[in-house]
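got a predicted structure here, sequence first:
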Amino acid sequence: MTLDLFASEPALERLQIEDAEISFARQIDLGEPTDEVLRELIDSTPWRQEAVTIYGKKHLQPRLVAWYGDVGRTYSYSGISLEPLLWTDTLAKLRDIVQDLVNERFNSVLLNYYRDHRDSMGFHSDDEKELGPTPVIASVSLGATRTFVLKHKTRPELSPVRLELPSGSLLLMKGLTQKNWKHGIDKQSKPCGPRVNLTFRRIVPR
Ligand SMILES: O=C(O)CCC(=O)C(=O)O
Ligand SMILES: [Fe+2]
């Protein structure tokens, strides 16, 4: 047997971003073509468009979401409280692949569906109490490539970081990333197709 090192997927690569612990893999093996996983998730997920309250005014989020996880892992953000749906076979399989790649355990996943270039996610940190002091978040992207932007919270001399997240990529955020940086997905003027992003998380028991 010959060992062909170059045939293997590139491992997660640590990005040199100050005050953050972020790694990235351009392409991971999901066990089936990414466009098939994308189609299945778009078609079979009970998507919801949540309302959020910002400065006392209700808005619909500019994307669709679904929340899956182990029983009882209720998650709340921006005044919404989500009861998880139970893991589907597809999502449990993706979770297991990601867990092995990053050597972490996850008990929930938030799915975000950006229907086209007009959908977006505002700047935020995933720093809710239930994620613990140093949240570990593994984010898988499927479909259209969108730009993930990071902005430091307290050091304006650090330029925003822009990362293109292609279909099949994996981004891992851990350590003090959420404490020090915000991130978001801007809407864009250039039309693009749908994108589904899965952020695997670990909710700490109360
Ligand atoms: O769509 C993305 O890449 C970002 C998703 C995200 O930040 C989140 O779900 O908290
Ligand atoms: Fe986030």
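Looks like it arrived, so ask away. Residues are numbered from 1 along each chain as shown. Ligands and ions are numbered 1, 2, ... in the order given.

residue 73 is in contact with residue 82, isn't it?
No - if you go by CB atoms under 8 Å, residue 73 and residue 82 don't touch, sitting 9.3 Å apart. Heads up, the C-betas are built off the backbone N, CA and C, glycines and all.

return the set of buried residues in the helix ranked longest in the chain.
Using DSSP state H to assign secondary structure, the helix with the most residues in the chain is helix 89-102. Neighbour-count burial for helix 89-102 flags 90, 91, 94, 95, 97, 98, 101, 102 (criterion: 16 or more other CB atoms under 10 Å).

which helix or strand lies directly C-terminal to that helix?
Per DSSP states H and E, the first helix or strand lying C-terminal to helix 89-102 is strand 108-114.

can you name every helix or strand that that next one contacts?
Counting contacts by 3 or more CB pairs under 8 Å, 6 or more residues apart in numbering; DSSP states H and E, strand 108-114 is packed against helix 34-44, strand 64-69, helix 89-102, strand 195-201.

present those as CSV; the columns should include mean pLDDT and distance to residue 180.
Formatted as CSV, the helices and strands packed on strand 108-114 follow (pLDDT from 0 to 100; distance: least, CB to CB, whole Å):
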stretch, mean pLDDT, distance to residue 180
helix 34-44, 98, 31
strand 64-69, 95, 25
helix 89-102, 97, 20
strand 195-201, 98, 18
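
and these: which comes nearest residue 56?
Nearest to residue 56 among the helices and strands packed on strand 108-114 is strand 64-69 (22.0 Å), distances taken as CB to CB.

stretch 16-23 close to ligand 1?
No - using CB under 6 Å from any ligand atom, stretch 16-23 stays clear of ligand 1, with a minimum separation of 12.3 Å.

neighbours around the nearest residue to residue 93 once chain neighbours are set aside, how many?
Nearest non-adjacent residue to residue 93, counting by CB to CB, 6 or more residues apart in numbering: residue 31, 6.6 Å away. Using other CB atoms under 10 Å as the criterion, residue 31 is surrounded by 11 other residues.

any low-confidence regions in this protein?
For the chain, the stretches with pLDDT under 70 are 1-10, 77-80, 206.
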